[in-house]
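Asker: predicted model follows, preceded by the sequence.
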Amino acid sequence: MTTVALIVAAGKGERSGSALPKQFAPLAGRPMVAWSHATLAAHSAVDEVIVVIGAGQEAMLAAALPGARHVTGGARRQDSVRAGLDAAAGADRILIHDAARPFLSPAVIDRLLAALDTHDGAVPVLPVPDTLVSQDGTPVDRAALRRVQTPQAFRAPALARAHGGWQGGEATDDAQMVRAAGGSVALVEGDTMLEKVTYPADFAAAEARVAMETR
Ligand code: CTP
Ligand code: MG
């Protein structure tokens, strides 16, 4: 069984306020994308890691991860995933990970791959800590809701079907596409270390979390 990990790193990081696209910016002593790449490459169940970068980002990737296999992505995240899927043809299982979530633990990968024994896909989720209301102020039951992270793991044929048949517009993750195509997606326990770096303050928050972890 062949398992390929795609790291989507073709974004512009516009909300991050970073001089470099955030995935190549330094974070706790390494370029952000190098953190999750190292974890995925070291995992015994992962056969290959492919980084999907934006056109013109080759030199930044070469500086961050010399020699890493890469392909060129597209305008939307789902276009970048599609480019990675073309490069991963022949794989049985695909992991898709956001470069913007640097601190990935092997245990999360284990939980995701185990769930593929019984499901077409698996995603890591966390509970919602805040009280929630809808726009009109009506309380929303947060106990019924989960925040979705990456990596997301899929049986390759189910993922290919979902991408091929997608009729919707912009999709922010692949699990919603697989579910729309009739696939089953398991929810496994996520990790607070996996929070996405989106805004300027998230760099400092990520560094603080990793410093706590390694203390
Ligand atoms: N991504 C991608 N291709 C795109 C858009 C996003 O590979 N066309 C990747 C990003 O590099 C990131 C992940 O998808 O690792 C999650 O996207 P997001 O956090 O929105 O990153 P950016 O799109 O780069 O940031 P922004 O939306 O602030 O510009
Ligand atoms: Mg984006």
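Answerer: Looks like it arrived, so ask away. Ligands and ions are numbered 1, 2, ... in the order given.

Asker: hey, where'd the helices end up in this protein?
Answerer: Along the chain, counting by DSSP state H, helices occupy 32-42, 58-64, 77-87, 106-115, 156-164, 175-180, 200-213.

Asker: for these, which one sits closest to ligand 1?
Answerer: Smallest distance to ligand 1 across the helices of the chain (C-beta to the nearest ligand atom): 3.4 Å, for helix 77-87. (Each C-beta comes from the backbone N, C-alpha and C, glycine too.)

Asker: now do that closest one against helix 156-164, angle only.
Answerer: 140 degrees (axes from the mean of the first three to the mean of the last three C-alpha atoms, to 10 degrees).

Asker: what does helix 77-87 contact?
Answerer: With contacts defined as C-beta atoms under 8 Å, 6 or more residues apart in numbering, helix 77-87 is touched by 6, 8, 10-11, 50, 52, 69, 71-74, 94, 96, 159-160, 163, 166, 170-172, 174, 177.

Asker: now look at that helix and say if it contacts ligand 1.
Answerer: Yes. Counting by C-beta under 6 Å from any ligand atom, ligand 1 is contacted by helix 77-87 at 77, 80.

Asker: any quick PyMOL command for the buried ones out of the contacts of helix 77-87?
Answerer: In PyMOL, this line selects whichever of these come out buried by 16 or more other C-beta atoms under 10 Å:
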select buried, resi 6+8+10+11+50+52+71+72+73+94+96+159+160+163+166+171+174+177
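
Asker: what parts of this protein come near ligand 1?
Answerer: Counting by C-beta under 6 Å from any ligand atom, the chain comes close to ligand 1 at 8-16, 23, 52, 73-77, 80, 98-100, 196, 198.

Asker: if any of these are buried, put those into a ChimeraX selection.
Answerer: Filtering those down to the buried ones (16+ other C-beta under 10 Å) takes a single ChimeraX command:
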select :8,9,10,11,13,16,23,52,73,77,80,98,99,100,196
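
Asker: quick one: which of the residues of the chain next to ligand 1 sit in strands?
Answerer: The strands, defined by DSSP state E, take in 8-9, 52, 98 from the residues of the chain next to ligand 1.
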